[in-house]
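[1] everything below, folded, please.
(one chain, ligands or ions: 1)
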Amino acid sequence: MKRTIGTCYYPEHWPETQWPEDARRMADLGLTWVRIGEFAWSRLEPRPGDYDWCWLDRAIDVLTGAGLSVVLGTPSATPPRWMLDRHPDMLAHDAEGRPRGFGSRRHYDFAHAGYRDDAARMAGLMAERYGDRVAAWQPDNEYGCHDTVVSYSPVARESFRVWLKDRYGDIAALNTAWGNIFWSMDYDHFDQIDLPNLTVTEPNPSHALAFRRFASDMVVQWNAAQVAAIRAHSDAPISHNYMGRVTEFDHYATGRQMEIAAWDSYPMGFLLDRVPGGDQQAYLRQGDPDFQAFHHDLYRACGRGRWWVMEQQPGPVNWAPWNPAPLPGMVRLWSWEAFAHGAEAVCWFRWRQFPQAQEQQHAGLLRPDSSEAPGFAEAAQVAAELRDAPDVVPAQAPVALVFDYASQWAWEVQPQGQGFDHFALCLDLYRALRSLGLSVDILPPDTASLEGYALTLVPGLLTLSAPLRKAIDTAEGIVLTGPRTDLKTSELGFTTPMGPNLPGLDATSVMEETFPPEAPRGLEKGGGVDLWLEHLETGAEVLERTTEGSPVLLRSDRRYHLAGWPNRAAAKRILRDIADAAGLATLDLPEGLRIRDTGTERFVFNYASRPIDFDCHTLEPAGVLRLSRPS
Ligand code: GAL
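    Down below sits the predicted model:
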């Protein structure tokens, strides 16, 4: 498959006379895709029931007439002001119970059935009109952006009660599942159950986790409604543009509803805004060397192999605490890194910088006066390289890592030690694997087969699903569980007999302790564990201990278990040893250098701000190297 490029365009922002020239310049640049429409509701339906499709008809004519393929977004992330008059209770509420107001975007509650129906109606009308003219669809925009999944609104409370009844059947079952006898929290009927905010002290963790599951389900139902409305009229593939480190809903579940997963990659904004363990000084103008790759691999899993970058940073953004300019070459590097991880398409956000409103300081490929912004030349370089280069041939990676949204919610509800976070744990281990030169696939928690993986990591999983348990049991490769894997029930209580109940590995946790960053536990072989340590009784071989003698790494044949959260030095050493045992060749990559192997090639990326020598080549900062894959 030929990898393709595109951009995000807002015809409603510009005079119609400008569209033909824009379309021509996009086509001349070598773009295939142009995404439009996702914020245009107030122009498409200026008053309730009063539609104006004509401008969009003409915009699509102009764009497709220039040879571009249109990705059409449905505009439900920006309900027009009149929608709020129609549904005054549609706003999401924060944890203090305050409604979040009109005047930006995403001002809706996923649980609001009335707005969900209106959004699906709009999606259906668009699909009816444009179903055979557009090449792909995007329902809504960035579910969960601006912290909008978890809402404590009256509407959410009503829906939560219905959801609970559906899940537990009767109130006695709920009381038992949550252990509500503790502190006399028993309920008599579902209508007494509130949302788990504004309690005097912490709410029951089972209650809080149920609410997080509910909030995720609301997004899944929301997406399903629009997907069904589009499908009724169009065969074009459907995708959604997910975010970096947005974990409030189960992206695998929405992913199963659509053909393609996409995500919006803003490496520098992310580094300053949300990368756990990111080195902001070293990578200020490059972005974190592992954060993008992690999401590429995660969303490849969500799209079951098919994924895009729907928005790629082209220059400074406007929303991070500081917004430096990318190091020259990074716009190109980020794009090639996405292709190396299997992206079908990379689209730069946005075509032209808009001189007003919230994002006036956000770079585009063009400046507001239509002259070329610095990112333009790099986009042109990628276009030229794509024309000449051989295609990227995707391949299964030798290493897998299981990432699970429900575990993220569970440990947010019950960190036990400040900072215990499933995402951060997975990213730390992913970093260590990548610093060893290993390519990784991310797998969902209901994975039923680990065939072909020499090594699989299963860190921090609330529980092991039945299929995954079986897959581990029958895996030929090495499986490394822990820390904090399978110690709890799915309701966030302890299992009895006590866990972890790991297939093929005899270990019982007698106590879990957590400690602050300034008090890590040293390991006998060097490095240490941070934050978390489970004290295990075990019949398995102990490969690593703390300096106090507590087992940290256990082995029983090809099953390994980690009892603590290894720091960087320990993670690298431990994973190198396990990779060796799995028969995998590792490297000791210099800080900032990263590799991705495809079926035929080895891509090498230099995120560092200094030149790095690799395999008889010198990579300049932001350098990209394509080599044949070593056999
Ligand atoms: C994304 C969003 C775009 C734009 C962009 C700015 O999160 O989808 O609409 O706001 O960020 O970086």
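[2] pLDDT score for the spatially closest residue to residue 27 that is not a sequence neighbour?
    The shortest distance from residue 27 to any residue other than its chain neighbours is 4.6 Å, reached at residue 66 (C-beta to C-beta, 6 or more residues apart in numbering). Heads up, the C-betas are built off the backbone N, CA and C, glycines and all. Note on residue 66: pLDDT of 98.
[3] let me see the contact set for residue 66.
    20, 23-24, 26-27 (C-beta atoms under 8 Å, 6 or more residues apart in numbering).
[4] where does it fall, phi/psi-wise?
    The phi and psi torsions at residue 66 (degrees, to the nearest 10) take the values phi -90, psi 0.
[5] from residue 344, how far out is it?
    From residue 66 across to residue 344, the span is 21 Å (C-beta to C-beta, to the nearest Å).
[6] then residue 24?
    Residue 24 sits 25 Å away from residue 344 when distances are taken as C-beta to C-beta.
[7] same question, residue 22
    Applying C-beta to C-beta, one obtains 24 Å for the distance of residue 22 from residue 344.
[8] likewise for residue 418?
    With the distance defined as C-beta to C-beta, residue 418 ends up 40 Å from residue 344.
[9] the two - which one has more neighbours?
    When neighbours are counted by other C-beta atoms under 10 Å, residue 418 and residue 344 differ, and residue 344 comes out ahead with 22 against 10.
[10] which residue packs closest to that one, ignoring adjacent ones?
    Excluding its sequence neighbours, the residue lying closest to residue 344 (C-beta to C-beta, 6+ apart) is residue 308, at 5.5 Å.
[11] buried residues of the longest helix along the chain, list them for me.
    In the chain, assigned by DSSP state H, the helix with the most residues is helix 205-231. Applying a neighbour-count criterion of 16 or more other C-beta atoms under 10 Å, one finds 205-227, 229-231 buried in helix 205-231.
[12] with stretch 127-146 instead?
    Along stretch 127-146, the positions that meet the burial threshold by neighbour count (16+ other C-beta under 10 Å) are 127, 129-131, 134, 136-146.
[13] next one: stretch 552-562
    For stretch 552-562, burial by neighbour count (16+ other C-beta under 10 Å) applies to 552-556, 558-562.
[14] which of those residues lies closest to residue 238?
    Closest approach between the buried residues of stretch 552-562 and residue 238, by C-beta to C-beta: residue 562, at 38.9 Å.
[15] now the closest one: closest residue in space that isn't a chain neighbour?
    On the basis of C-beta to C-beta, 6+ apart, the spatially nearest residue to residue 562 that is not a chain neighbour turns out to be residue 482, at 4.1 Å.
[16] run a quick neighbour tally on that neighbour.
    Other residues lying near residue 482 total 30 when counted by other C-beta under 10 Å.
[17] that one: what's it in contact with?
    458-460, 500, 534, 561-563.
[18] residue 27 is in contact with residue 64, isn't it?
    No. Using C-beta atoms under 8 Å, residue 27 is not in contact with residue 64, being 10.6 Å away.
[19] and the helix or strand containing residue 626, C-alpha only, in CSV?
    The secondary structure element spanning residue 626 is strand 624-628 (assigned by DSSP states H and E). Taking only C-alpha atoms (Å, rounded to 0.1, in the frame of the first residue of the first chain), the coordinates of strand 624-628 have been written out as CSV:
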residue,chain,number,x,y,z
VAL,A,624,16.1,9.7,9.6
LEU,A,625,17.9,6.6,8.3
ARG,A,626,16.4,3.7,6.3
LEU,A,627,18.5,0.6,6.3
SER,A,628,17.8,-3.0,5.3
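[20] which neighbours in the sheet does it have, and how are they oriented?
    Its sheet considered, strand 624-628 pairs with strand 601-606 (antiparallel) by DSSP bridges.
[21] just checking, next helix/strand downstream of the strand it pairs with?
    Reading on from strand 601-606 to the C-terminus, the next helix or strand found by DSSP H and E is strand 612-614.
[22] list the ones among the buried residues of stretch 552-562 that fall in strands.
    Secondary structure of the buried residues of stretch 552-562 is defined by DSSP state E; positions in strands are 552-556, 559-562.
[23] CA atoms only: put the longest strand seen in the chain into CSV for me.
    Longest strand of the chain, by residue count under DSSP E: strand 528-538. Included here for strand 528-538 are C-alpha records, laid out as CSV according to Å, rounded to 0.1, in the frame of the first residue of the first chain:
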residue,chain,number,x,y,z
GLY,A,528,16.2,0.1,42.1
VAL,A,529,12.4,-0.1,42.3
ASP,A,530,10.3,3.0,42.7
LEU,A,531,6.9,3.5,44.2
TRP,A,532,5.6,-0.1,44.4
LEU,A,533,6.7,-3.4,45.9
GLU,A,534,4.7,-6.5,46.4
HIS,A,535,6.1,-8.9,49.0
LEU,A,536,5.8,-12.3,47.6
GLU,A,537,5.8,-15.8,49.0
THR,A,538,7.0,-18.0,46.2
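[24] what's the closest of the ones in strands among the buried residues of stretch 552-562 to the ligand?
    Top of the list for closeness to the ligand, among those and by C-beta to the nearest ligand atom, is residue 562 at 34.6 Å.
[25] alright, calling it a day.
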